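> Okay, predicted coordinates and the sequence, questions at the end:
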Amino acid sequence: MRGRTPPVTTFTVSDILFRTAMSSNRGLDRVKDGVACEKA
């Protein structure tokens with residue numbers, strides 16, 4: 001453990017934020033497999 005506090009493990013997912021990010025970054029997924037910025 002680094003530092004004196006435990007790591008954060010309680011993450012939440014925002015559907016609105018996820019959809020916005022996916023639509024904004026659609027051009028980065030060149031092969032349309034759901035993974036952005038991979039080598040083609």
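In hand now; what should we look at? Numbers count the residues shown, from 1 in each chain.

> Residue 22 versus the closest residue to residue 29 other than its chain neighbours, what's the distance?
Leaving aside its sequence neighbours, residue 29 sits nearest to residue 36 (CB to CB, 6 or more residues apart in numbering; 4.8 Å). C-beta: built from backbone N, CA, C; applies to glycine. Here the criterion is CB to CB, to the nearest Å. By it, residue 36 lies 9 Å from residue 22.

> what stretches of the chain score poorly on pLDDT?
Within the chain, the segments meeting pLDDT under 70 span 1-2, 38-40.

> Tell me where it has helices.
Remark: helices assigned in the chain by DSSP state H are 15-24.

> mind listing the strands for it?
Shown for the chain, no strands are assigned by DSSP state E.

> before we move on, back to that, tell me, how many residues neighbour the residue nearest to residue 29?
Using other CB atoms under 10 Å, residue 36 has 13 neighbouring residues.

> dump the residue contacts of it.
By CB atoms under 8 Å, 6 or more residues apart in numbering, residue 36 lies in contact with 25, 28, 29.

> so what's residue 37 closest to, chain neighbours aside?
Counting by CB to CB, 6+ apart, residue 37 lies nearest to residue 28, which is 5.2 Å off, once chain neighbours are set aside.

> Would you agree that neighbour is in contact with residue 34?
No: in this structure, residue 28 is not within contact of residue 34 by CB atoms under 8 Å, at 11.1 Å.

> Can you check which residues contact both of the two?
Residues touching both residue 28 and residue 34 (CB under 8 Å, 6+ apart): there are none.

> how close does the residue nearest to residue 29 get to residue 4?
36 Å.

> same question, residue 30
44 Å.

> The two: who's more crowded?
Using other CB under 10 Å as the criterion, residue 30 and residue 4 rank with residue 30 on top: 12 against 5.

> Relative to residue 36, how far out is that one?
9 Å.

> Residue 17 too?
Applying CB to CB, the value for residue 17 to residue 36 is 16 Å.

> got it, and residue 21?
Applying CB to CB, the value for residue 21 to residue 36 is 10 Å.

> Cool, thanks, signing off.
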